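# Let me see the structure of the following:
(chains A and B)
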Amino acid sequence: MAIVGAGPAGLAAAVMLARHGIDVSVVDEQERPGGQIYRRPPASFGPVAGREPAAGSRLIEAAEAADEVNWLQGTTAWGVFYDEEDPDRLILGTVDLGRVRQVRARRLLLAPGAYDLPVAFPGWTLPGVMAVGGLQAFLKAQRLLVGRRIALIGAHPLLLVVAGQLLSAGADLGLVAFAQKRPSVVELARRFGARRGAIARAGDVIGPLRLLRERGVPLRFGTSIVAAEGAGVVERVIVGAVDAAWERDRSAELSMEVDTVALGYGFVPSTELARQAGCAYRWNPAAGGWVVAHDAWMATSDTRIFVAGEITGISGAEQSKEEGTLAAVGILRDLGRLSNSEAIRLARRVRRSVSRLESFNRALEAQFAPNLYALADLASDATIVCRCEEVTAGALRATLELHPHLGTLDAVKLLIRVGMGPCQGRFCQPAVAAIVARARGSSLNEVGPFAARAPVKPIRMRLVAAALGAADDE
Amino acid sequence: MYARRVENGFERPRPVTIDVDGETVTAYPGESIACALLAAGWRAFRRTKTGALRAPFCNMGVCFECVVAVDGVEDLRACLLPVRSGMTIVTGVGRRG
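Purely as a prediction, here's the structure:
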């Protein structure tokens, strides 16, 4: 067995599989297990006496205590392949520090999580503009405070959580701004308070709201990012008023001197490895966009590949954990390690919990769903949409005008190289998709994602060539 | 990108030195290379083909804006790799960008 991703879903699955005596390799890019939500300081940093255990520490400890788990941390999974010698096995291509390896597994669980929704606006490539999750991870996992003066801008309640953490660490916050109007955010904040942990990413926002008021940090609603400006690096941010449909009022803009702008407009499920493997996927805007389809046992359209966590939709740590456990039960059943009736019995409680969390999370995420078209409209013709290949929104719009038959992301990629760089379209896809869909009057569903091909994360081909034939059996 | 280490909250290990763009930099073993570079005053990590400066954006291995060369291996993500004593890092940007 192999699992990609050591967040809540991957860890819960590893614990369940280990409990049933299954050897499992866990492939994860971070230095330590935990994923983004349970990201911890380096092991070399000492603990502080009297501090309460961090969220997720029980799950991490249980997984780390299991002899059956082989940890491949600091390792990137870049492709899923069929094993020509054994049709019941899959080969996972991995790379760490330039070393390419193969992990062979009878069943594969993909639990790669999600990443911050990228938003292409004028100046977003300047050093000083970051994803709010990235800014938070510097503080949480490195104890590094980035920025002299910070603006937090977006539409997701994570912004408030991070605002509280930054203020507690002594940061100077210039502004916190939400696209939504005040009532919906405050109402949702109450619901978060009532259902703490339901979306563990968001947590409790009541404390941060109080802290913002105490420190006199401006908290604006109905406000959107417009631009970041500066000579080489961020020196100021421009924000502007938006209505309930996120339509901009260009007469109501303001400029503020900051050196750091952190964006929090939502999250995108990491589906590329599953799509590269050939698993069926579908468009579900309330769940973060493209998600991987699965059956009641979390098996994908390729019955050897299972999924759990945010790859099935943005859902937070609690639901991800439950899905990880459910996928593990599905795998144990599939491998004949659990009888069908035992599996059904074990799955019953987990399914009840998943379905309760799912309906809550879908309602919640729908409330905060970013307006992807309005966000893409932020990009002026001079704005770079594809950061890797430095393709501008203007070049994309001109290409669409010149070639009226182009209607998919893959078609524009071939012509102007959007999505062809190291990030493999992960960062330009939301903006490019919305621009193409708007130009064609089609839906985001119709323009599709960029096709995912191996390697889904860049590696030097000579390393792949060198590794061919040298297999690490797991 | 200005950045400073928060001193309270965790006990850091004994500092080590690393070589960044030919300069000797003090860093803490285990912290990410991205953390060490930002704390030491690097405001950008790479230049694009057109010469624009880029710095860490996602800090979780997705955006590839923080890639540097580490001990001769190119295009490694500084946000994912921990500092080890004596490592040599080349950003191609330099401390003053």
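# ok, residue 27 - how many residues close by?
All of this refers to chain A. Per other CB atoms under 10 Å in any protein chain shown, the neighbour tally for residue A:27 reads 27. Yep, even glycine has a C-beta here, placed from its N, CA and C like the rest.
# That was the other one, I meant chain B.
Residue B:27 has 26 neighbours, counted by other CB under 10 Å.
# likewise residue A:345?
Counted with other CB under 10 Å, residue A:345 comes out at 12.
# Packing partners of the helix or strand harbouring it?
With elements taken from DSSP states H and E, the one containing residue A:345 is helix A:340-368. In terms of contacts (3 or more CB pairs under 8 Å, 6 or more residues apart in numbering or on different chains; DSSP states H and E), helix A:340-368 is packed against helix A:182-194, helix A:316-334.
# can you tell me the average pLDDT over that helix?
The average pLDDT within helix A:340-368 is 90.
# same check, this time on stretch A:141-160
95.
# Output it as CSV, restricted to C-alpha atoms.
Output of stretch A:141-160 as CSV, limited to C-alpha atoms (Å, rounded to 0.1, in the frame of the first residue of the first chain):
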residue,chain,number,x,y,z
ALA,A,141,5.9,26.1,11.4
GLN,A,142,8.9,28.4,11.3
ARG,A,143,8.1,31.0,13.9
LEU,A,144,8.9,33.6,11.2
LEU,A,145,6.9,36.8,10.9
VAL,A,146,6.9,38.0,7.3
GLY,A,147,6.2,41.6,6.6
ARG,A,148,6.6,45.0,8.4
ARG,A,149,3.0,45.9,7.7
ILE,A,150,0.6,43.4,6.3
ALA,A,151,-2.8,43.6,4.5
LEU,A,152,-5.0,40.4,4.6
ILE,A,153,-7.4,40.4,1.7
GLY,A,154,-9.9,37.8,0.5
ALA,A,155,-13.2,36.1,1.2
HIS,A,156,-12.4,33.1,3.4
PRO,A,157,-12.7,33.0,7.2
LEU,A,158,-9.1,31.7,7.4
LEU,A,159,-8.1,35.3,7.0
LEU,A,160,-9.6,36.1,10.5
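# can you tell me the residue of the stretch 351-474 of chain A closest to chain B?
Nearest residue of the stretch 351-474 of chain A to chain B: residue A:422, at 3.9 Å (CB to the nearest CB).
# so what's residue B:26 up against?
Residues counted as contacts of residue B:26 (CB atoms under 8 Å, 6 or more residues apart in numbering or on different chains) are B:15, B:16, B:17, B:40.
# One more: residue A:238?
By CB under 8 Å, 6+ apart, the residues touching residue A:238 are A:225, A:226, A:227, A:228, A:229, A:253, A:254, A:255.
# Sitting in helices, which of the residues you listed do you find?
If you go by DSSP state H, the contacts of residue A:238 have nothing in helices.
# after the helix holding residue A:345, next one along is what?
Beyond helix A:340-368 on the C-terminal side, the first helix or strand identified by DSSP H and E is helix A:372-377.
# Could you list every helix and strand that that following helix packs against?
For helix A:372-377, the packing partners by 3+ CB pairs under 8 Å, 6+ apart come out as helix A:429-440.
# In the sheet, which strands lie alongside the helix or strand bottoming out on mean pLDDT in chain B, parallel or antiparallel?
Every helix and strand in chain B was compared by mean pLDDT, DSSP states H and E; the lowest is strand B:73-77, with a mean of 92. Note on strand B:73-77: by DSSP bridges, its sheet partners are strand B:67-70 (antiparallel).
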